[in-house]
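>>> sequence first, predicted coordinates after that:
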Amino acid sequence: MKCDCDYILPTKGGWEHHYDNCISKWHSKAQYPKNEDGSIRLTNKNLMKMHQDFIYHLGLDTATYDLKAMFGDVKFVCMGGTKYRMKEFAKHMAKVLNIKDFEAKNLSKHSHRYAMYKVGPIISVNHGIGISSMTILLQEILKVLYYAKAKNPIIFRIGTSGGLKIPPGSIVISSWGLNGTLEKTYDLPVLGEIRKLPSVFDKRLIQELMSMVTEGDGFNTYSGGTMAADDFYRGQARLDGPFCDYTEEDKLAFLRKLSALGVRNIEMEATAFAAMTREAGVRAADVCVTLLDRLNGDQVTPDKELLLKFQERPMILVGRYIAKYYENNLHLIK
Ligand SMILES: O=P(O)(O)O[C@H]1O[C@H](CO)[C@@H](O)[C@H]1O
Ligand SMILES: O=c1cc[nH]c(=O)[nH]1
């Protein structure tokens with residue numbers, strides 16, 4: 001049965017369609033719920049009945065903080081695993097946008113969970129490791145953007161990953177996320193039932209980002225599928241975890257199968273990141289550097305200096321995109 005949902009890209013050879021029920025059931029309600037002014041329209045009516053909302057993991061709330069004054073001008077949210085990377089990204093963007101006297105102040109320091117910085121129209125925030133840590137942060141960011149009435153925000157994840165058949169240090173811009181059972185969905189149990197949320201990224205944003213690539217970059221940038229594993233070790237077919245009950249041949253056969261399906265890299269958030277941003281009607285892109293070619297090994301061996309250099313690459317590309325956006329509009333930055 002063919003699904004009528006435009007959330008799904010055409011399937012590649014060999015794909016089975018698993019979405020027959022879920023699309024119409026869960027996604028007919030969630031097609032780009034935006035207000036006319038571009039602000040997010042969250043579909044949860046309970047939010048409107050609440051006098052005060054404690055956004056617990058960010059250490060913010062709607063009564064003590066004027067979220068509109070703090071975040072109403074936000075145009076871009078950039079997230080990535082580590083606090084260090086996101087502080088560096090905030091500093092990088094201050095330079096790129098020529099924002100003088102930028103002070104990297106952690107706006108969510110009361111929560112002791114995540115670190116969030118604001119530089120001009122950009123929130124730079126870390127999300128920790130894996131889907132559950134990332135989705136808590138993402139959902140709270142979506143609520144902040146909603147209360148702040150931020151207009152047409154775009155969300156980027158700037159991350160790291162393991163590559164498949166591409167040189168370490170390459171960038172992959174994800175077209176879709178693939179879960180651990182090789183479906184293009186984020187599977188979330190809700191009230192005892194699995195919901196399968198399609199995990200496809202905004203095609204136009206991918207093209208716009210690809211147009212930012214220059215010959216002088218010194219590294220390759222690809223777009224392609226991204227597997228989001230629920231584990232760093234067995235979940236990514238590694239041989240070097242504390243547990244392993246398959247052979248090296250099994251591992252390589254699996255990685256080659258992923259590659260044949262169009263997967264270019266493996267990380268731990270892409271499915272949920274694609275699915276939740278889509279559900280909120282927010283454009284988003286997952287831009288990751290590869291730290292190694294998984295066909296050649298499992299251990300992440302580059303030294304600290306090279307790892308940091310690799311991690312700058314998604315920052316450079318996304319920074320260029322944001323700079324382009326403000327090319328003739330620097331006056332819009334408060
Ligand atoms: O570098 P970040 O953004 O944390 O992303 C990748 O690195 C972590 C694992 O080391 C996972 O979160 C994976 O998705
Ligand atoms: O192999 C890798 C490297 C970084 N992050 C991952 O999730 N996997």
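Great, that's in hand. Ligands and ions are numbered 1, 2, ... in the order given.
>>> CA atoms for contacts and neighbours, from now on please.
OK.
>>> show me which residues of this protein sit near ligand 1.
Applying CA under 6 Å from any ligand atom, we find that the chain lies next to ligand 1 at 80-82, 129-130, 159-161, 267-269.
>>> tell me the most packed of these, by neighbour count.
The most crowded member of the residues of the chain next to ligand 1 is residue 269, carrying 30 neighbours; neighbours defined as other CA atoms under 10 Å.
>>> nearest residue to it other than its sequence neighbours?
In space, and not counting its chain neighbours, residue 269 is closest to residue 131: 4.8 Å by CA to CA, 6 or more residues apart in numbering.
>>> show me the residues of the chain next to ligand 1 that map onto strands.
The members of the residues of the chain next to ligand 1 that map onto strands under DSSP state E are 80, 159-161, 267.
>>> for ligand 2, tell me which of these show up nearby.
160-161, 267.
>>> in CSV, list those along with pLDDT.
Listed next are those as CSV, based on pLDDT from 0 to 100:
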residue, pLDDT
160, 98
161, 99
267, 99
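>>> lowest average confidence, helix or strand, in this protein?
Every helix and strand in the chain was compared by mean pLDDT, DSSP states H and E; the lowest is helix 22, with a mean of 37.
>>> rewinding a little: list the contacts of the residue nearest to residue 269.
230, 268-269, 272-273 (CA atoms under 8 Å, 6 or more residues apart in numbering).
>>> can you pull out the helices in the stretch 201-334 of the chain?
203-210, 248-260, 270-279, 304-325 (DSSP state H, counting those that start in this stretch).
>>> so what secondary structure elements neighbour the first one?
This points to helix 203-210. The helices and strands touching helix 203-210, judged by 3 or more CA pairs under 8 Å, 6 or more residues apart in numbering; DSSP states H and E, are strand 171-178, strand 221-228, strand 283-293, helix 304-325.
>>> can you list the residues of the stretch 51-200 of the chain near ligand 2?
Close to ligand 2, as judged by CA under 6 Å from any ligand atom, the stretch 51-200 of the chain has residues 160-162.
>>> redo that, cut-off 8 Å
159-163 (CA under 8 Å from any ligand atom).
>>> of those residues, which pair is most distant in space?
159 and 163 (12.3 Å; CA to CA).
>>> rewinding a little: please identify the deepest-packed of the helices of the stretch 201-334 of the chain.
Ranked by mean neighbour count under mean count of other CA atoms under 10 Å, the helices of the stretch 201-334 of the chain are led by helix 270-279, which reaches a mean of 26.
>>> ok, residues contacting that helix?
By CA under 8 Å, 6+ apart, helix 270-279 touches 27, 30-32, 131, 134-135, 138, 155, 174, 176-179, 184-186, 197-201, 226-228, 283-286.
>>> what subset of the contacts of residue 131 is also close to ligand 2?
Answer for those near ligand 2 (CA under 8 Å from any ligand atom): residue 268.
>>> list just the nearest of the contacts of residue 131 to ligand 2.
Among these, residue 268 lies closest to ligand 2 (CA to the nearest ligand atom), at 5.1 Å.
>>> how about the contacts made by that closest one?
129-131, 227-232.
>>> roughly how far does it sit from residue 99?
According to CA to CA, to the nearest Å, residue 268 stands 33 Å off from residue 99.
>>> same thing with residue 150?
20 Å.
>>> which of the two has more neighbours?
residue 150 (23 against 15).
>>> my guess is that one contacts residue 73, does it?
Yes. In this structure residue 150 lies within contact range of residue 73 using CA atoms under 8 Å: 5.9 Å.
>>> residue contacts, the residue of the stretch 201-334 of the chain found nearest ligand 2?
Closest to ligand 2 within the stretch 201-334 of the chain is residue 267: 3.5 Å, counting by CA to the nearest ligand atom. Neighbouring residues of residue 267 by CA under 8 Å, 6+ apart: 160-162, 226-229.
>>> go with 10 Å
129-131, 159-163, 177, 226-232, 236, 288, 290 (CA atoms under 10 Å, 6 or more residues apart in numbering).
>>> neighbours around residue 73, how many?
Counted with other CA under 10 Å, residue 73 comes out at 20.
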